[in-house]
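> build me a model from this:
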Amino acid sequence: MLFRDRLTTARRAVRRAVLARRRLLAGLLTAVAVAAGLHTARADPAPQVQVLVAARDLPAGVVIAAEDVRRVGFAPGSVPDGVARDPAGRTLAAPLRAGEPLTDVRLVGPGLTDGYPGLVAVPVRLPDAGMAGLLRVGDRVDLVSADPQGRSAATIASDVPVLALPDTPTEVGAAGLTGRLVVVGAQSGEVARIADASVRTFVTIAFAS
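Residues are numbered from 1 along each chain as shown. Have a look, this model is predicted:
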């Protein structure tokens, strides 16, 4: 009985002490909350790397202009390899979705052969722009050399990947041929044969099986 009375007395004493200092405690808790909020507001933002991404859907063959790209912050560990730094004036080798980072493999240039070890990028002008319109980057085709007089035809390269479709169908090449330029990946030993055929004959395609 004595122990219970003492416990009751102690509880009442604690309650009176808390009630007597409730304003002080409330003020202290408020100060702590405000300080925590200020610390959060002043915390340095997470570091970011600015990366150029497509501002809209871009088709293959477009020449990149300033309004075609915008800068987006990426966490350092999420930045793709080979991001383009100054792509203005470069030609897009493959379609790009809005918000997709612009990398070297998407631009006509040395980066086109990344992923194709042992191949070099070779431009070939197809005389029929409509034929080139059937192609998509990544297609595999055979290159066929055809005599303009129709006397002979021969396969000059087999199972080559289409790397880029860089220009407009109405452009005229150095040899005076209309059509469309296609960039393919070829073995180094095939380059001279393809270049010679491109000057002396019509080069057409056949889809590789």
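> for this protein, just list every one of the strands.
Listed in chain order, the strands of the chain (DSSP state E) span 49-54, 69-74, 119-126, 140-146, 153-164, 180-187, 202-207.
> for stretch 143-152, what is the average pLDDT?
Throughout stretch 143-152, pLDDT has a mean value of 80.
> how far does that stretch sit from its chain's centre?
Taking C-alpha atoms, centre = their mean, to the nearest Å, one finds stretch 143-152 lying 39 Å from the centre of the chain it belongs to.
> who touches it?
Contact partners of stretch 143-152, identified using C-beta atoms under 8 Å, 6 or more residues apart in numbering, comprise 124, 153-158, 160, 184, 194, 197, 201-206. Placement of C-beta: from N, CA and C, glycine included.
> try 7 Å
Residues outside stretch 143-152 that contact it (C-beta atoms under 7 Å, 6 or more residues apart in numbering): 124, 153-157, 160, 194, 197, 201-206.
> returning to what we had before: relative to residue 100, which of the strands of the chain is closest?
strand 49-54 (5.3 Å; C-beta to C-beta).
> hmm, back to that, JSON lines please, covering the strands of the chain and showing distance to residue 81 and mean neighbour count.
What follows is the strands of the chain, written out as JSON lines (distance: least, C-beta to C-beta, whole Å; neighbours: other C-beta atoms under 10 Å):
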{"stretch": "strand 49-54", "distance to residue 81": "11", "mean neighbour count": "17"}
{"stretch": "strand 69-74", "distance to residue 81": "12", "mean neighbour count": "15"}
{"stretch": "strand 119-126", "distance to residue 81": "19", "mean neighbour count": "20"}
{"stretch": "strand 140-146", "distance to residue 81": "25", "mean neighbour count": "19"}
{"stretch": "strand 153-164", "distance to residue 81": "18", "mean neighbour count": "18"}
{"stretch": "strand 180-187", "distance to residue 81": "19", "mean neighbour count": "22"}
{"stretch": "strand 202-207", "distance to residue 81": "31", "mean neighbour count": "17"}
